[in-house]
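In: what follows is a protein structure lacking sequence information:
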C-alpha cells in the first residue's frame with residue numbers, strides 16, 4: 001500500500017492575482033506552497049481587468065454620493081450601475097448593507113481603512129514585481145479623469161479634497177494643459193484631473209503570468225482542480241476536490257474571488273459577498289493614440305493603453321455568477337468612448353465579461369476563519385484586486401505566521417457583518433473632514 005502523502009504546508013486556493021501574491025510572499029519566506037485553481041493561473045477576472053494600479057483610489061464605492069446617484073443610474077439598463085431584474089430581489093440584503101455602509105460615519109471608517117491599505121499596497125506591489133523581475137511591466141504615465149461640464153467637475157471636488165488630505169498629488173486641468181495631456185478629446189470635455197503617480201500595467205495577464213512563473217520556479221507546487229469543500233481537521237485542514245480525492249494542508253488560504261462565499265460558509269462564516277459583473281472591449285493596438293488611462297467617471301468606465309491594445313471597460317452590473325453575459329453593455333461603453341474620443345477606431349475588438357468579488361462596504365475580507373486560525377480569507381477586493389494584491393499577500397503571510405499585521409485589520413475582519421451592516425471604526429480612528 002502506498003503511504004498517504006504528507007500534508008502540504010500551505011494550500012492557496014485560487015490562482016488569480018490575490019492568490020498568486022499570497023503564494024509569492026509565502027515562497028519568499030521559505031514556506032512550501034500548493035497552489036490550486038480550477039482553471040489555471042489567472043484564467044478568471046485577473047486575466048482581463050483594466051490594468052490600473054489605482055493606489056490613489058481611496059474613496060469607497062459605498063458612499064453618500066454614490067447612494068444619491070444610484071437611483072438615476074439604475075434607470076438606464078446599460079448605464080454605469082445596473083441590476084438584472086431577475087436578480088434584484090436576491091440582491092436586496094446586499095443593497096441594504098450597502099446603504100448602511102454609505103452612512104457618513106461608516107464611510108469615514110471605510111475611507112481610513114482603505115487609505116491605510118493603499119499606503120501599504122504601492123511599495124508592496126513594486127517590491128513584488130521587482131522580485132519577479134517584472135518591474136518593466138509597470139507604466140508610470142499617470143491618469144486623467146475628465147468632465148463634460150463644470151457642474152460635474154465641481155461635484156467631484158470634495159472627493160479630491162479627501163485625497164489631498166491623504167497626501168495624494170493631483171492637478172486640475174483645463175484648456176491647453178488638458179489637451180496636452182490627451183490630444184483628441186471631444187470638445188464636450190471641459191476639464192480634467194491629472195494624477196501623476198497613478199500607474200497601470202502593460203497587461204494584467206502578463207503580470208499575473210510573470211508572478212505565476214516566479215512562484216512555481218521558486219518551488220511552489222501546482223494543481224489544477226476545483227475545491228468543492230473545506231473542513232478543519234486535527235493538524236490542519238482538508239480540501240475535497242471535484243475529482244473525489246482530498247488534499248491535506250497545515251494551513252489554507254481562500255482566495256477564490258467571487259466564488260469564495262461557499263467555502264467560507266462551510267467554515268461557519270456567512271459573508272455577504274456578491275458579484276459585480278464587469279465588461280470590456282479590447283481594441284487592436286493603434287486604435288487610438290492614448291497617452292495614459294482616461295477615466296470617464298460620470299459614465300463609469302475607463303480607457304487604458306495596454307501592450308495588447310486599447311481596453312474600454314468598467315461599469316457595474318449586479319447579476320451574480322449564473323446569468324449569461326449581456327454584451328450590449330460592452331457595445332454601449334464602446335459607443336460612448338467613440339463619442340468622447342473622436343477618432344477611436346472601434347472595429348476588431350474582443351469583448352469580455354468578468355466577475356468582481358464585491359462586499360457592501362467596498363472593503364475586502366482579510367482575516368482568520370472563525371472555525372480555525374489555520375485558515376485565512378483573502379477575497380472581496382471589488383475593482384481593486386490588482387491594486388491591493390501585494391498588500392493582501394503581505395498581510396496574509398503575516399497572519400499565517402501569527403505575526404502582528406503591518407496595518408490594523410479590524411475593518412477587514414471576516415465577521416464584521418455579523419452584528420451590523422457597517423464596519424466598526426478601527427482602534428485609534430479619527431474622523432477626516434467629509435464634504436460630500
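Out: Great, that's in hand. Just so you know, these numbers come straight off a predicted model, no measurement behind them.

In: tally of neighbours for residue 157?
Out: Counted with other Cβ atoms under 10 Å, residues neighbouring residue 157 total 12. Placement of C-beta: from N, CA and C, glycine included.

In: show me what contacts it?
Out: Contacts here follow Cβ atoms under 8 Å, 6 or more residues apart in numbering; on that basis residue 157 touches nothing.

In: do residue 163 as well
Out: The contact partners of residue 163, taken as Cβ under 8 Å, 6+ apart, are 56, 58, 59, 170.

In: isn't the last one up against residue 56?
Out: I take that to be residue 170. Yes - the pair residue 170 / residue 56 is scored as a contact, 7.5 Å apart, by Cβ atoms under 8 Å.

In: ends of stretch 185-203, what's the gap?
Out: Stretch 185-203 has its terminal residues 24 Å apart, counting by Cα to Cα, to the nearest Å.

In: how about that stretch: buried residues?
Out: Residues 185, 189-195, 198-203 are the ones in stretch 185-203 that count as buried (16 or more other Cβ atoms under 10 Å).

In: just the element for residue 260, please.
Out: Counting by DSSP states H and E, the element that carries residue 260 is helix 260-266.

In: tell me the mean pLDDT over that helix?
Out: Averaging pLDDT along helix 260-266 gives 97.

In: now stretch 193-211
Out: 97.

In: now do that stretch: distance from first to last residue.
Out: End-to-end distance of stretch 193-211: 32 Å, with Cα to Cα as the criterion.

In: and what of stretch 165-182?
Out: Counting by Cα to Cα, you get 27 Å between the two ends of stretch 165-182.

In: let me know the closest of the contacts of residue 163 to residue 333.
Out: Lowest distance from residue 333 to those (Cβ to Cβ) belongs to residue 59, with 21.7 Å.

In: let's verify the closest one: helix, strand, or coil?
Out: coil (DSSP: H, G, I helix; E, B strand; the rest coil).

In: give me the phi and psi for it.
Out: phi -80, psi 120 (degrees, to the nearest 10).

In: and residue 222, by the same measure?
Out: With angles defined as degrees, to the nearest 10, residue 222 sits at phi -130, psi 140.

In: just for this structure, where's the confidence low?
Out: Counting by pLDDT under 70, the ranges of the chain that qualify are 1-7, 419-436.

In: so which elements touch the helix ranked longest in it?
Out: If you go by DSSP state H, the chain has its longest helix at helix 104-131. For helix 104-131, the elements it packs on are helix 17-28, helix 88-101, helix 204-217, helix 385-400, judged by 3 or more Cβ pairs under 8 Å, 6 or more residues apart in numbering; DSSP states H and E.

In: for the first one, packing partners?
Out: The reference is to helix 17-28. Counting contacts by 3+ Cβ pairs under 8 Å, 6+ apart, helix 17-28 is packed against strand 8-13, strand 33-37, helix 104-131, helix 204-217, strand 372-379, helix 385-400.

In: now for these, which one comes closest to residue 352?
Out: helix 204-217 (11.0 Å).

In: can you give me the strands for the stretch 251-400 of the chain?
Out: Under the criterion DSSP state E, counting those that start in this stretch, strands of the stretch 251-400 of the chain are mapped to 274-283, 293-296, 301-306, 309-318, 350-358, 365-369, 372-379.

In: adjacent strands (with direction) for the shortest one?
Out: Yep, that's strand 293-296 we're talking about. With DSSP bridges as the test, strand 293-296 is paired with strand 143-147 (parallel), strand 301-306 (antiparallel).

In: ok, now which ones touch residue 32?
Out: Residue 32 neighbours (Cβ under 8 Å, 6+ apart): 8, 9, 10, 219, 220, 221.

In: what about the last one, neighbour count?
Out: Number of residues near residue 221 (other Cβ under 10 Å) recorded here: 14.

In: ok, the one 5 residues further on next?
Out: Using other Cβ under 10 Å, residue 226 has 15 neighbouring residues.

In: phi, psi of it?
Out: Torsion angles, degrees, to the nearest 10, at residue 226: phi -100, psi 130.

In: hang on, it packs against residue 242?
Out: Yes - counting by Cβ under 8 Å, residue 226 does reach residue 242; the two are 4.0 Å apart.

In: anything in contact with each of these two?
Out: Common neighbours of residue 226 and residue 242, using Cβ under 8 Å, 6+ apart, are residue 38.

In: ok, which of the strands paired with strand 293-296 comes nearest residue 395?
Out: Among the strands paired with strand 293-296, strand 143-147 comes nearest to residue 395, with 25.8 Å by Cβ to Cβ.

In: can you name the element that comes right after the closest one?
Out: As assigned by DSSP H and E, the chain's next helix or strand after strand 143-147 is helix 150-155.

In: helices or strands next to that following helix in the packing?
Out: Counting contacts by 3+ Cβ pairs under 8 Å, 6+ apart, helix 150-155 packs against no other helix or strand.

In: circling back to that earlier point, give the buried residues for the helix holding residue 260.
Out: Neighbour-count burial for helix 260-266 [16+ other Cβ under 10 Å]: 260, 261, 263, 264, 266.
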